[in-house]
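# got a predicted structure here, sequence first:
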Amino acid sequence: MRLRPTVTMETRPLRLPLALLILPLLVIGAPTDESGTQDMTNPLSGCRRCCDSLDASGSAAEAGPSANGPHSMPYRMPEVRPYINITILKGDKGDQGEPGIPGKWGKEGPPGERGAQGPKGSKGQMGASGDPCKHQYAAFSVGRKKALHSSEGYQALIFDTVFVNLYSHFDMFKGKFYCYVAGLYFFSLNVHTWNFKETYMHVMRNDQEEVILYAQPSDRSIMQSQSLMLELRENDEVWVRLYKRERDNAIYSDDVDIYITFSGYLIKPSLE
(Lines give C-alpha, C1' and ligand atoms only; values in the text may rest on other atoms or scores of the structure.)
Protein backbone atom coordinates (compact mmCIF):
# COMPACT_ATOMS: atom_id res chain seq x y z
CA MET A 1 0.00 0.00 0.00
CA ARG A 2 2.88 2.34 0.55
CA LEU A 3 4.61 1.61 -2.73
CA ARG A 4 1.63 2.83 -4.94
CA PRO A 5 2.06 6.55 -4.12
CA THR A 6 5.77 6.21 -4.79
CA VAL A 7 5.21 4.89 -8.30
CA THR A 8 2.75 7.67 -8.96
CA MET A 9 5.16 10.32 -7.97
CA GLU A 10 7.89 8.96 -10.25
CA THR A 11 5.79 8.64 -13.49
CA ARG A 12 3.92 11.97 -13.24
CA PRO A 13 6.89 14.08 -14.41
CA LEU A 14 7.16 11.88 -17.64
CA ARG A 15 3.49 12.21 -18.80
CA LEU A 16 3.73 15.93 -19.56
CA PRO A 17 6.57 15.76 -22.16
CA LEU A 18 4.89 12.81 -23.91
CA ALA A 19 1.59 14.65 -24.17
CA LEU A 20 3.31 17.66 -25.70
CA LEU A 21 4.93 15.48 -28.40
CA ILE A 22 1.78 13.54 -29.32
CA LEU A 23 -0.62 16.54 -29.44
CA PRO A 24 0.84 18.15 -32.64
CA LEU A 25 0.64 14.80 -34.44
CA LEU A 26 -3.01 14.44 -33.63
CA VAL A 27 -3.87 17.97 -34.76
CA ILE A 28 -1.63 18.44 -37.80
CA GLY A 29 -0.99 14.83 -38.90
CA ALA A 30 2.15 12.98 -39.65
CA PRO A 31 4.25 14.35 -42.57
CA THR A 32 4.47 12.28 -45.74
CA ASP A 33 6.72 12.30 -48.78
CA GLU A 34 3.99 13.60 -51.12
CA SER A 35 3.17 16.61 -48.96
CA GLY A 36 6.79 17.40 -48.62
CA THR A 37 7.35 17.20 -52.29
CA GLN A 38 4.33 19.36 -53.04
CA ASP A 39 5.52 21.93 -50.56
CA MET A 40 8.88 21.93 -52.24
CA THR A 41 7.65 22.18 -55.81
CA ASN A 42 4.68 24.51 -55.54
CA PRO A 43 6.53 27.50 -54.13
CA LEU A 44 9.37 27.07 -56.61
CA SER A 45 7.09 26.75 -59.59
CA GLY A 46 5.02 29.72 -58.57
CA CYS A 47 8.03 32.01 -57.97
CA ARG A 48 9.31 34.26 -60.75
CA ARG A 49 11.34 37.42 -61.01
CA CYS A 50 9.91 40.78 -61.82
CA CYS A 51 12.04 41.03 -64.96
CA ASP A 52 10.74 37.75 -66.45
CA SER A 53 8.14 38.07 -69.22
CA LEU A 54 4.61 36.78 -68.73
CA ASP A 55 4.88 34.22 -71.54
CA ALA A 56 8.11 32.77 -70.29
CA SER A 57 6.81 32.60 -66.76
CA GLY A 58 3.54 31.06 -67.92
CA SER A 59 5.24 28.46 -70.06
CA ALA A 60 7.70 27.69 -67.33
CA ALA A 61 4.92 27.39 -64.82
CA GLU A 62 2.98 25.08 -67.07
CA ALA A 63 5.94 22.95 -68.10
CA GLY A 64 7.58 22.87 -64.72
CA PRO A 65 5.34 20.51 -62.75
CA SER A 66 4.79 18.11 -65.63
CA ALA A 67 8.46 17.88 -66.62
CA ASN A 68 10.33 18.02 -63.30
CA GLY A 69 7.99 16.58 -60.66
CA PRO A 70 8.41 12.86 -59.98
CA HIS A 71 4.70 12.50 -59.12
CA SER A 72 3.37 14.89 -61.80
CA MET A 73 2.25 12.10 -64.24
CA PRO A 74 -1.21 10.68 -63.33
CA TYR A 75 -1.73 6.96 -62.82
CA ARG A 76 -2.31 5.31 -66.24
CA MET A 77 -5.44 3.22 -66.32
CA PRO A 78 -5.16 -0.15 -68.12
CA GLU A 79 -6.94 -0.31 -71.52
CA VAL A 80 -9.98 -2.56 -71.41
CA ARG A 81 -11.11 -4.19 -74.70
CA PRO A 82 -14.30 -6.20 -74.43
CA TYR A 83 -14.52 -9.44 -76.45
CA ILE A 84 -17.85 -10.92 -77.48
CA ASN A 85 -18.04 -14.52 -78.61
CA ILE A 86 -20.31 -14.29 -81.67
CA THR A 87 -20.76 -18.05 -81.88
CA ILE A 88 -22.63 -17.95 -78.58
CA LEU A 89 -24.94 -15.12 -79.68
CA LYS A 90 -25.54 -16.58 -83.22
CA GLY A 91 -29.12 -17.76 -83.70
CA ASP A 92 -30.71 -20.29 -86.04
CA LYS A 93 -30.64 -19.77 -89.82
CA GLY A 94 -33.66 -17.86 -91.07
CA ASP A 95 -35.91 -18.65 -94.02
CA GLN A 96 -34.81 -17.77 -97.51
CA GLY A 97 -36.04 -14.34 -98.57
CA GLU A 98 -37.90 -13.52 -101.74
CA PRO A 99 -35.79 -12.81 -104.83
CA GLY A 100 -35.10 -9.20 -105.49
CA ILE A 101 -36.04 -7.18 -108.51
CA PRO A 102 -33.83 -8.12 -111.49
CA GLY A 103 -31.38 -5.50 -112.54
CA LYS A 104 -31.24 -3.73 -115.84
CA TRP A 105 -29.85 -5.46 -118.90
CA GLY A 106 -26.35 -4.52 -119.76
CA LYS A 107 -25.28 -3.11 -123.06
CA GLU A 108 -25.08 -5.56 -125.92
CA GLY A 109 -21.56 -6.29 -126.96
CA PRO A 110 -20.26 -5.96 -130.51
CA PRO A 111 -20.90 -8.92 -132.84
CA GLY A 112 -18.08 -11.37 -133.17
CA GLU A 113 -16.25 -12.21 -136.32
CA ARG A 114 -17.77 -14.75 -138.68
CA GLY A 115 -16.29 -18.17 -138.34
CA ALA A 116 -14.94 -20.32 -141.10
CA GLN A 117 -17.40 -22.31 -143.19
CA GLY A 118 -17.67 -25.89 -142.15
CA PRO A 119 -17.66 -28.90 -144.45
CA LYS A 120 -20.85 -29.81 -146.29
CA GLY A 121 -22.81 -32.49 -144.51
CA SER A 122 -24.29 -35.58 -146.04
CA LYS A 123 -27.86 -35.59 -147.27
CA GLY A 124 -30.29 -36.77 -144.64
CA GLN A 125 -33.08 -39.25 -145.01
CA MET A 126 -36.51 -38.20 -146.16
CA GLY A 127 -38.74 -37.34 -143.25
CA ALA A 128 -42.18 -38.69 -142.55
CA SER A 129 -45.22 -36.94 -143.92
CA GLY A 130 -46.51 -34.17 -141.75
CA ASP A 131 -49.92 -34.01 -140.16
CA PRO A 132 -52.40 -33.39 -143.00
CA CYS A 133 -54.59 -31.32 -140.73
CA LYS A 134 -51.86 -28.72 -140.52
CA HIS A 135 -51.82 -28.19 -144.32
CA GLN A 136 -54.91 -26.21 -145.14
CA TYR A 137 -53.92 -25.83 -148.79
CA ALA A 138 -53.81 -28.27 -151.68
CA ALA A 139 -53.11 -27.69 -155.37
CA PHE A 140 -51.54 -29.48 -158.32
CA SER A 141 -51.15 -29.08 -162.08
CA VAL A 142 -49.42 -31.71 -164.26
CA GLY A 143 -48.97 -32.39 -167.99
CA ARG A 144 -48.06 -35.12 -170.49
CA LYS A 145 -45.88 -34.83 -173.62
CA LYS A 146 -46.44 -38.32 -175.05
CA ALA A 147 -49.50 -39.59 -176.88
CA LEU A 148 -51.43 -42.51 -175.45
CA HIS A 149 -53.38 -45.36 -177.12
CA SER A 150 -55.89 -47.49 -175.30
CA SER A 151 -55.31 -51.14 -174.51
CA GLU A 152 -57.66 -54.00 -173.84
CA GLY A 153 -58.12 -53.07 -170.15
CA TYR A 154 -58.41 -49.94 -168.08
CA GLN A 155 -55.41 -47.69 -168.17
CA ALA A 156 -54.48 -44.86 -165.80
CA LEU A 157 -53.24 -41.67 -167.41
CA ILE A 158 -49.65 -41.05 -166.21
CA PHE A 159 -48.10 -37.57 -166.43
CA ASP A 160 -44.46 -36.65 -166.95
CA THR A 161 -44.41 -32.88 -166.36
CA VAL A 162 -45.04 -31.01 -163.10
CA PHE A 163 -46.26 -27.42 -163.02
CA VAL A 164 -47.49 -27.32 -159.43
CA ASN A 165 -47.49 -30.08 -156.83
CA LEU A 166 -48.06 -28.51 -153.42
CA TYR A 167 -46.89 -30.72 -150.55
CA SER A 168 -46.49 -33.57 -153.13
CA HIS A 169 -50.14 -34.58 -152.84
CA PHE A 170 -50.13 -35.77 -156.47
CA ASP A 171 -48.30 -39.05 -157.00
CA MET A 172 -46.50 -38.83 -160.38
CA PHE A 173 -45.78 -42.57 -160.52
CA LYS A 174 -49.43 -43.60 -160.12
CA GLY A 175 -51.03 -40.56 -161.74
CA LYS A 176 -53.32 -40.03 -158.72
CA PHE A 177 -54.14 -37.11 -156.43
CA TYR A 178 -54.43 -38.11 -152.76
CA CYS A 179 -56.65 -35.99 -150.53
CA TYR A 180 -54.96 -35.06 -147.24
CA VAL A 181 -57.24 -32.08 -146.48
CA ALA A 182 -60.93 -32.83 -146.63
CA GLY A 183 -62.99 -30.18 -148.35
CA LEU A 184 -64.34 -28.83 -151.62
CA TYR A 185 -62.05 -29.21 -154.68
CA PHE A 186 -62.09 -28.08 -158.32
CA PHE A 187 -60.61 -30.29 -161.09
CA SER A 188 -59.98 -29.68 -164.80
CA LEU A 189 -58.89 -32.09 -167.58
CA ASN A 190 -57.71 -30.98 -171.05
CA VAL A 191 -56.71 -33.28 -173.92
CA HIS A 192 -56.13 -33.16 -177.69
CA THR A 193 -58.05 -35.66 -179.84
CA TRP A 194 -56.50 -37.81 -182.53
CA ASN A 195 -57.63 -37.72 -186.16
CA PHE A 196 -60.10 -40.46 -187.03
CA LYS A 197 -59.89 -41.87 -183.52
CA GLU A 198 -62.28 -41.82 -180.65
CA THR A 199 -61.48 -40.16 -177.29
CA TYR A 200 -63.10 -41.72 -174.27
CA MET A 201 -61.90 -40.93 -170.74
CA HIS A 202 -63.26 -40.71 -167.19
CA VAL A 203 -62.34 -38.55 -164.21
CA MET A 204 -62.41 -41.04 -161.35
CA ARG A 205 -62.93 -40.70 -157.58
CA ASN A 206 -61.51 -43.82 -156.03
CA ASP A 207 -63.06 -46.60 -158.22
CA GLN A 208 -66.12 -44.64 -159.31
CA GLU A 209 -66.57 -42.69 -162.57
CA GLU A 210 -67.52 -39.07 -161.88
CA VAL A 211 -67.49 -37.39 -165.32
CA ILE A 212 -66.64 -38.42 -168.88
CA LEU A 213 -64.59 -36.66 -171.52
CA TYR A 214 -65.67 -37.83 -174.98
CA ALA A 215 -64.97 -36.91 -178.59
CA GLN A 216 -66.22 -38.71 -181.73
CA PRO A 217 -63.83 -39.74 -184.51
CA SER A 218 -63.24 -36.93 -186.99
CA ASP A 219 -60.87 -35.91 -189.71
CA ARG A 220 -59.96 -32.93 -187.56
CA SER A 221 -58.31 -33.07 -184.17
CA ILE A 222 -59.62 -30.68 -181.53
CA MET A 223 -58.92 -29.66 -177.94
CA GLN A 224 -61.40 -31.19 -175.55
CA SER A 225 -61.86 -30.31 -171.85
CA GLN A 226 -63.87 -31.33 -168.83
CA SER A 227 -64.12 -29.74 -165.36
CA LEU A 228 -65.97 -30.45 -162.14
CA MET A 229 -66.12 -29.79 -158.37
CA LEU A 230 -65.90 -32.62 -155.84
CA GLU A 231 -66.32 -32.72 -152.09
CA LEU A 232 -63.57 -35.05 -150.96
CA ARG A 233 -62.88 -36.82 -147.73
CA GLU A 234 -59.48 -37.57 -146.34
CA ASN A 235 -57.62 -40.33 -148.25
CA ASP A 236 -59.86 -40.06 -151.34
CA GLU A 237 -58.12 -40.55 -154.72
CA VAL A 238 -58.80 -38.61 -157.94
CA TRP A 239 -57.31 -39.81 -161.26
CA VAL A 240 -57.98 -40.11 -165.04
CA ARG A 241 -58.83 -43.43 -166.70
CA LEU A 242 -58.68 -44.33 -170.38
CA TYR A 243 -60.02 -47.58 -171.81
CA LYS A 244 -60.99 -49.20 -175.18
CA ARG A 245 -64.50 -49.87 -176.36
CA GLU A 246 -65.49 -51.07 -179.86
CA ARG A 247 -63.07 -48.72 -181.58
CA ASP A 248 -59.54 -47.57 -180.94
CA ASN A 249 -59.25 -44.92 -178.26
CA ALA A 250 -56.35 -42.40 -178.18
CA ILE A 251 -55.19 -38.90 -177.19
CA TYR A 252 -52.63 -36.91 -179.12
CA SER A 253 -49.43 -35.17 -178.04
CA ASP A 254 -45.82 -34.76 -179.13
CA ASP A 255 -42.43 -34.34 -177.54
CA VAL A 256 -42.33 -30.56 -178.14
CA ASP A 257 -45.65 -29.16 -176.93
CA ILE A 258 -47.88 -30.22 -174.07
CA TYR A 259 -51.48 -30.92 -175.10
CA ILE A 260 -52.63 -32.91 -172.07
CA THR A 261 -53.06 -31.27 -168.63
CA PHE A 262 -54.76 -32.22 -165.39
CA SER A 263 -55.20 -29.71 -162.53
CA GLY A 264 -56.98 -29.40 -159.21
CA TYR A 265 -56.99 -27.28 -156.05
CA LEU A 266 -58.75 -26.93 -152.71
CA ILE A 267 -61.49 -24.30 -152.63
CA LYS A 268 -62.60 -24.61 -149.01
CA PRO A 269 -61.53 -27.09 -146.31
CA SER A 270 -64.14 -28.91 -144.25
CA LEU A 271 -65.14 -27.51 -140.88
CA GLU A 272 -64.84 -30.90 -139.16
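Perfect, thanks for sending it. Fair warning: this is a prediction, and the values are worked out from it, not measured in the lab.
# now do the nearest residue to Arg233 once chain neighbours are set aside against Ile212, distance only.
The shortest distance from Arg233 to any non-neighbouring residue, by C-beta to C-beta, 6 or more residues apart in numbering, is to Ala182 (5.1 Å). No exception for glycine: its C-beta is placed from N, CA and C like everyone else's. Note on Ala182: its distance to Ile212, by C-beta to C-beta, to the nearest Å, is 25 Å.
# when those two are compared, which one has more neighbours?
A count of neighbours by other C-beta atoms under 10 Å puts Ala182 above the other of Ala182 and Ile212, at 20 against 11.
# do you know how far the more buried one is from Gly175?
Using C-beta to C-beta, Ala182 is found at 22 Å from Gly175.
# what does Gly124 give?
Separation of Gly124 from Gly175 (C-beta to C-beta): 29 Å.
# who's more crowded, these two?
When neighbours are counted by other C-beta under 10 Å, Gly124 and Gly175 differ, and Gly175 comes out ahead with 19 against 6.
# surely that one touches Ile158?
Yes. Between Gly175 and Ile158 there is a contact at 4.4 Å, judged by C-beta atoms under 8 Å.
# what comes up buried for stretch 264-272?
Within stretch 264-272, the residues that qualify as buried are Gly264, Leu266, counting by 16 or more other C-beta atoms under 10 Å.
# okay, now the unreliable bits of the chain?
Scanning the chain for pLDDT under 70 picks out the ranges 1-75, 84-90, 127-135, 245, 272.
# quick one: contacts for Asp255?
Contacts for Asp255 were tallied using C-beta atoms under 8 Å, 6 or more residues apart in numbering; they are Lys145, Lys146.
# let me know the helix or strand that it is in.
Of the helices and strands defined by DSSP states H and E, none includes Asp255.
# need phi/psi at it.
Phi and psi for Asp255, reported as degrees, to the nearest 10, are phi -80, psi 0.
# what of Tyr200?
Dihedral angles for Tyr200 - degrees, to the nearest 10 - are phi -140, psi 110.
# my guess is it contacts Ile212. True?
Yes. Assessed by C-beta under 8 Å, Tyr200 is found in contact with Ile212 at 7.3 Å.
# so which strand or helix has Pro78?
Short version, using DSSP H and E: Pro78 is in no helix or strand.
# tell me, how many residues neighbour it?
Counted by other C-beta under 10 Å, the residues lying close to Pro78 total 4.
# do you have the helices of the chain handy? List them.
Using DSSP state H, the helices found in the chain span residues 3-28, 33-46, 54-68, 86-89.
# and the spatially closest residue to Ile251 that is not a sequence neighbour, bridged to which residues?
Excluding the flanking residues, the one nearest Ile251 by C-beta to C-beta, 6+ apart is Val191, at 4.6 Å. Beta-bridge pairing for Val191 (DSSP bridges): Gln224.
# need the contact list for Val191.
Listed by C-beta under 8 Å, 6+ apart, the contact set of Val191 reads Thr199, Met201, Leu213, Met223, Gln224, Ser225, Ile251, Tyr259, Ile260.
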